[in-house]
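**Student:** Quick one, what's the 3D model for this:
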Amino acid sequence: MVDAAPPSQHSLPDLYREHRSWLEAWLRRRIGNAWDAADLSQDTFLRLLASAQPLAELREPRAYLLTVGKRLLSNFHTRRNLEKAYLEALAHLPEQSLPSPEQRWILLETLQALDELLDGLKPAVRRAFLWSQLEGLGYCEIAERLGVSERTVKRYMAQAYEHCLLAQL
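**Tutor:** Numbers count the residues shown, from 1 in each chain. Down below sits the predicted model:
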């Protein structure tokens, strides 16, 4: 794939003008929604603007934009799946227990932040941490649920705490 401008001539306005519609069309084919594709396209260019990658060094801007766009698309799908699961859980609550729209938004944003924070943990480590923190289960109960030893649960919890601490740096 050959890009129109040599690497030394890239500027954000030029990249945007030359590649936005292409990226947006690619995203639209994967999402099936022009509005969300446009938002993700804009977010991709915002990431490019905020990145440490010097624009002049981009040899293949489309490949770079596609990589960033794929990551944002993955985050988009994760967020939608989380939102869907949250709304399904709310549907099982009695009407008098339902949170207000504002509380729902805050809870959903918190869930998404927690999901991002725990991203990268092995599923068993993630489950152990969530059961401990959200359900208040002890290590023995978690070990039973996971079918592992209590010592393994302690190791999982240490991994999860370390992951959270490093994510805050």
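**Student:** for the protein, which spans come out with low pLDDT?
**Tutor:** Flagging of the chain using pLDDT under 70 yields the residue ranges 1-10, 56.
**Student:** Walking through it, point out its helices one by one.
**Tutor:** Along the chain, counting by DSSP state H, helices occupy 12-31, 34-50, 61-91, 101-118, 123-134, 139-146, 150-167.
**Student:** May I see those helices arranged in CSV, with mean neighbour count as well?
**Tutor:** C-beta here means a position set from N, CA and C on the backbone, and glycine is covered the same way. Below are these laid out as CSV (neighbours: other C-beta atoms under 10 Å):
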stretch, mean neighbour count
helix 12-31, 16
helix 34-50, 16
helix 61-91, 15
helix 101-118, 13
helix 123-134, 17
helix 139-146, 16
helix 150-167, 15
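**Student:** Find the residue closest to Glu141 in space, skipping its chain neighbours.
**Tutor:** The spatial neighbour of Glu141 that comes closest, neighbours along the chain excluded (C-beta to C-beta, 6 or more residues apart in numbering), is Trp131 at 7.6 Å.
**Student:** wouldn't the one you found be in contact with Ile142 here?
**Tutor:** Yes: the pair Trp131 and Ile142 qualifies as a contact (C-beta atoms under 8 Å) at a distance of 5.2 Å.
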